[in-house]
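**Q** Have a look; sequence and predicted model below, questions after that.
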Protein chains: 2
Amino acid sequence: MPARVTTLKELAAQLGLSITTVSRALAGHEQIALKTRQRVTEAARLAGYVPNTAARTLVSGRSGFVGMVLPIRGPNLVDSFLGEFVTGLGEGLVSHGSDLILAAAAQGQSELSVLRHVVESGRADGVVVTRIAEVDERLAYLRQRNFPFVAHGRLLDGDFAYHWLDTDGAHAFGEAFDMLYDLGHRHFGLVTISEPMTFRHLRQDGLAAAIARRGDPSVRLDVATAPRFDRGARTQAINRLLHAAERPTAIVALFDELALTVMEEAGRAGLAIPHDLSVIGFDNIAASAYAPPGLTTFDASIRQCAREIGEMLLTVIGDRPTTPLTRLVRPTLVSRASHGPAPTGRN
Amino acid sequence: MPARVTTLKELAAQLGLSITTVSRALAGHEQIALKTRQRVTEAARLAGYVPNTAARTLVSGRSGFVGMVLPIRGPNLVDSFLGEFVTGLGEGLVSHGSDLILAAAAQGQSELSVLRHVVESGRADGVVVTRIAEVDERLAYLRQRNFPFVAHGRLLDGDFAYHWLDTDGAHAFGEAFDMLYDLGHRHFGLVTISEPMTFRHLRQDGLAAAIARRGDPSVRLDVATAPRFDRGARTQAINRLLHAAERPTAIVALFDELALTVMEEAGRAGLAIPHDLSVIGFDNIAASAYAPPGLTTFDASIRQCAREIGEMLLTVIGDRPTTPLTRLVRPTLVSRASHGPAPTGRN
DNA sequence: CGCACCATTTAAAACGTTTGCAATTTCTCT
DNA sequence: AGAGAAATTGCAAACGTTTTAAATGGTGCG
């Protein structure tokens, strides 16, 4: 390894040129003689010169970073998409040479305060916001701050324009209903969460809309609700559904974790899947492929979405488009063995 | 929201003080009068002032960031620990207010070049290196560069001192062998990968050592090897093991993904687990709990380890300890239903 | 030979912060 | 009141880069 040249100054001294010329040569300015440019580039390469990020950021106002807040939840709660999401985001950013900053929000610390810190400190040129709440203070802040961001998810009311990419959960849930209806199911269960996240709303509405479209008054929908991270309450709610006098023949869960719990509890109650009960989830997490008999679910291709989000954000940072970039991604059905025809006789 | 004050200069002007005083007051210097300190702090709070990271980094030489390279592999290959690891790391860093930088290495781009870029650009004060190879150019670079880092994993030969945290895979594999031996197993299979990662070496050595310790010449070990990311070759190697004239009664896999494939292929071959074949994995990924009959494996508590790595790295950055910080974490056995007594009759 | 013009290079300011040292103010004591 | 010490505050440089505006040197032409 050659002697390390840290700074432009050192490189300039070594070449007998001014800092300005070296800087411009490396930036490829036409006004610098081609021969000089080549000489400088070669010397920089040899010296392993990498421009100092802090200095460049300070003068240019661009850090080349994209930020994201990482909420730290209870000791055993890890966002099941984080790995995929971060990989996709990295993939989307790498072509422009941008890096990702993950700023952790400790338990109890508001996500907004961390977000503000990231934004106001100039650490990032833009941010990604995920898991949109029905009333989302982060979006409100970013908007009034006029800071570049892309949301993974939508607000319910389009009261202000912003850039987002969302999974079309409404469509998926409609598709799930139609499929189950065509298999003879009339009595449905929905397992959902109590938190005011917009994706919950959208998926439920998609289900309701599909039911309404069908216009069959014999269709019945029972809903079980529990807080997102309360495993006990979740199990309880699901069991109420499973042990009701009239049990649904098909249960749709807001996401796979819930669907897997449904399958577990159904097994415990002696119900065979899909013979006695059809179950459909959403997200296609790894475990869903392995949980017998294999969960039918929807794949939202998180990594691909995150990649697009990264690319969108780079566009937003670079071009500051005035019309919102929006993208609705339709999830694909992953048909496994947890759904089937409605049971014929009453059990 | 109050009018935004971005800079120290503006804040100083507003308070009728010099930049120096404001800076010192916010830093809590004793030499600034208490009353002034309080007045400044309050004004800063009100104005929502957050110091500019670039400027601070430039002058102090500390960025407050910890870096990590994120290798982008094939479209469907996501590091299964990434989510947990990143969460733990964030958790470890958050108390000191450090953020995490994830620099993606595009497919085909060398991880080292990205690491160099992160280091030389002054983006990070220290880095985390995972998945240590038997000959690891990243470690060599960081060492000669004398740059703070903590490795997740060990080199095989302790030829130079560095800071690391590792999972005691050798111990776990010994434990697995002992348990299976005591259950009557004598013919073992090992499913492993061909890449020269040190964790492979350590785990295999742990197994070999346990076998040697037992000193029973009737113990036999067959090894199936395949490239880490080649699913076809993996299946093939496993099937050679399963369909050998004399089939092992117990298979130990280097990690859960391999163990799950073993269970799948065993099922396909009509073998009942654990009746005909015991399988033990390593890592305790989410799917292992769901894959019937439930994979017995070892939990390495990645999140907790990553958290410790984060804390170690902050110590390394702050104190530059001369003696290496090392920590060997013993994984815990997660006993599920994929292992049992050796089959009595010969099949 | 001198002037204008072009190509190429450079000096200096700026970004926002921290910090060594100096300056100012306030206090204490005689 | 005045000197000296102590407490408090401020000036100015520095970090490494980009960029504006200006300087330098060379060439062709009259």
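**A** Cool, the structure landed. Residues are numbered from 1 along each chain as shown, chains lettered A, B, ... in the order given.
**Q** Quickly find the element holding A:A103.
**A** strand A:99-105 (DSSP states H and E).
**Q** Go ahead and name everything in contact with that strand.
**A** Counting by Cβ atoms under 8 Å, 6 or more residues apart in numbering or on different chains, strand A:99-105 makes contact with A:64-72, A:86, A:89-90, A:93, A:111, A:113-115, A:117-118, A:123-124, B:65, B:70, B:86, B:90-91, B:93-94, B:99-104, B:118, B:123, all of which sit outside it. All C-beta atoms are positioned from the backbone trio N, CA, C, and that covers glycine.
**Q** which of these come close to DNA strand D?
**A** When contact is defined as Cβ under 7 Å from any atom of the strand, the contacts of strand A:99-105 do not meet DNA strand D at all.
**Q** From the residues you listed, which land in strands?
**A** Of the contacts of strand A:99-105, the ones assigned to strands by DSSP state E are A:65-71, B:65, B:70, B:99-104.
**Q** related to what we said a few turns ago, for the strand holding A:A103, list every residue counted as buried.
**A** A:99-105 (16 or more other Cβ atoms under 10 Å in any protein chain shown).
**Q** Can you tell me the element A:L271 falls in?
**A** Counting by DSSP H and E, A:L271 is part of no helix or strand.
**Q** Could you report the neighbour count for it?
**A** 19 (other Cβ atoms under 10 Å in any protein chain shown).
**Q** Not counting its neighbours along the chain, what's nearest it?
**A** A:L277 (5.0 Å; Cβ to Cβ, 6 or more residues apart in numbering or on different chains).
**Q** tell me the contacts of that neighbour?
**A** Each residue near A:L277 by Cβ under 8 Å, 6+ apart is listed here: A:242, A:247-251, A:266, A:271.
**Q** mind running it again at 7 Å?
**A** Counting by Cβ atoms under 7 Å, 6 or more residues apart in numbering or on different chains, A:L277 touches A:249, A:251, A:266, A:271.
**Q** Which segments of chain A make up each domain?
**A** A:8-51, A:65-166+A:303-330, A:169-299 (automatic domain parsing).
**Q** Redo these as TSV? Include distance to B:E134 and mean pLDDT.
**A** TSV is the format used below for those (distance: least, Cβ to Cβ, whole Å; pLDDT from 0 to 100):
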stretch	distance to B:E134	mean pLDDT
domain A:8-51	26	94
domain A:65-166+A:303-330	25	95
domain A:169-299	29	96
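**Q** Reformat the ones you listed as a markdown table; add distance to B:T167.
**A** Formatted as a markdown table, the domains of chain A follow (distance: least, Cβ to Cβ, whole Å):
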| stretch | distance to B:T167 |
| --- | --- |
| domain A:8-51 | 33 |
| domain A:65-166+A:303-330 | 18 |
| domain A:169-299 | 21 |
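**Q** closest to B:P292 out of the ones you listed?
**A** For those, proximity to B:P292 was assessed by Cβ to Cβ; domain A:169-299 is nearest, at 5.0 Å.
**Q** how long is that closest one end to end?
**A** End-to-end distance for domain A:169-299, by Cα to Cα, to the nearest Å: 10 Å.
**Q** Please identify which of the domains of chain A is closest to B:R303.
**A** Shortest distance between B:R303 and those, using Cβ to Cβ, is found for domain A:65-166+A:303-330: 6.5 Å.
**Q** Strands of the stretch 51-200 of chain A, start to end?
**A** A:65-71, A:99-105, A:126-130, A:149-152, A:164-167, A:187-193 (DSSP state E, counting those that start in this stretch).
**Q** Thanks a lot, catch you later.
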